[in-house]
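**Student:** Show me the folded form of this:
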Amino acid sequence: MNFQPRRQPDVEINLTPLIDVVFLLLIFFMVSTTFERESEINITLPEASEKAKEIEIDVVEISIDGRGRIYVSGRVLLDSGVPAIKQAIAQAAEGMDEPPIIINADAEARHQSVVKVMDAARQLGLRRLSFVTQIVVETDDSQ
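**Tutor:** All right, here's what the predicted structure looks like:
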């Protein structure tokens, strides 16, 4: 009779599948997480007792209404072609040294009308273009 105890094999835990599962969970959470970027800097400006003085800057203001009519410095253009827009901008910018162009387009205006104005300004060598937008302030009505 053999009274020696049987030798049991050492118990081992294979960590390879566990590492694979943890790695897959890490990838899943990295992909599904949304990253929020803060692009605003909070600055508290100092107060002044005097009202700000308005500075007059020579600009050429171009407006485009919802029907596609183009106004250069308040005058409506009968022809909305690029040559007519170019001529009107050149007349409005006469005597100014590379004035900024302010484009005020209606939300319902066709994209092509805005592109025509931008193209006419580019052909004249005017590169300082600005677009006027309306700031919408959202209010919480649930209170």
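
**Student:** which helix is the longest one in this structure?
**Tutor:** helix 16-32 (DSSP state H).

**Student:** For Leu129, give me its contacts.
**Tutor:** Listed by Cβ atoms under 8 Å, 6 or more residues apart in numbering, the contact partners of Leu129 are Pro100, Ile101, Ile103, Met118, Ala121. Where you see a C-beta, it was placed from the backbone N, CA and C, and this is true even at glycine.

**Student:** Kindly recompute the last result at 7 Å.
**Tutor:** With contact set as Cβ atoms under 7 Å, 6 or more residues apart in numbering, Leu129 has these partners: Ile101, Ile103, Met118, Ala121.

**Student:** for Leu77, same thing?
**Tutor:** Leu77 makes contact with Ile70, Ala84, Ile85, Ala88, according to Cβ under 7 Å, 6+ apart.

**Student:** pLDDT at the second one, what is it?
**Tutor:** What that stands for is Ala84. pLDDT for Ala84: 90.

**Student:** Let me see the contact set for it.
**Tutor:** Contacts of Ala84 (Cβ under 7 Å, 6+ apart): Leu77.
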